[in-house]
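> okay, structure incoming, though there's no sequence with it:
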């Protein structure tokens, strides 16, 4: 059985924890209400966050459909990453095999991104110029199209 002092301390800790959790929930809810959520993956997702709500939703659906199409490629890419990880974890590193495995992973990453971007571009081309300018500015701001330092 707990002493009254221990019981009070446990109750105080419980109350403080509950206040912390409620405050965190309120902060998360407020953040979601103020800032539109990100929409997908990669540079297009980040850039699309600045679009008006309807266009953002349509871009999200386009990106989601493109990702569903490449699901077999994603699984293949995971297998390639596993292969590279196994080569890295081997007692002796076979450098040529590891370099080849990493090249296959890189090629697969590029192919995945290219497919998603190829699906997004026809949709983006239908947007009004003002929205396309927002996308371009966002891509530049987020680094996807940043110019190298000179």
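Cool, the structure landed. Just so you know, these numbers come straight off a predicted model, no measurement behind them. Numbering: from 1, shown residues only.
> when you work out contacts or count neighbours from here on, use the C-alpha atoms and nothing else.
Noted.
> so how far is the strand or helix carrying residue 133 off the chain centroid?
Take DSSP states H and E as the rule and residue 133 turns out to sit in helix 129-142. Per CA atoms, centre = their mean, to the nearest Å, the displacement of helix 129-142 from the mean C-alpha position of its chain is 19 Å.
> helices or strands next to it in the packing?
Under the contact criterion of 3 or more CA pairs under 8 Å, 6 or more residues apart in numbering; DSSP states H and E, the helices and strands touching helix 129-142 comprise helix 42-48.
> need the next SSE after the helix it packs on, C-terminal direction.
Sequence-wise, the next helix or strand downstream of helix 42-48 (DSSP H and E) is helix 53-69.
> pLDDT on that following helix, on average?
Average pLDDT, helix 53-69: 84.
> and it, which residues are buried?
Buried residues in helix 53-69, counting neighbours by 16 or more other CA atoms under 10 Å, are found at 55-56, 59-60, 62-63, 66-67.
> I'd like the distance between residue 87 and residue 102.
10 Å (CA to CA, to the nearest Å).
> kindly report the same for residue 91.
The gap separating residue 91 from residue 102 is 18 Å, by CA to CA.
> now do residue 89
14 Å.
> what about these two, which has more around it?
In terms of neighbours (other CA atoms under 10 Å), residue 102 is the more surrounded of residue 89 and residue 102; the figures are 18 against 10.
> which helix or strand contains the more buried one?
When the helices and strands are read off by DSSP H and E, the one containing residue 102 is helix 95-125.
> pull out the buried residues from that helix.
Neighbour counts using 16+ other CA under 10 Å place 98, 101-102, 104-105, 108, 112-113, 116-117, 119-120, 124 of helix 95-125 among the buried residues.
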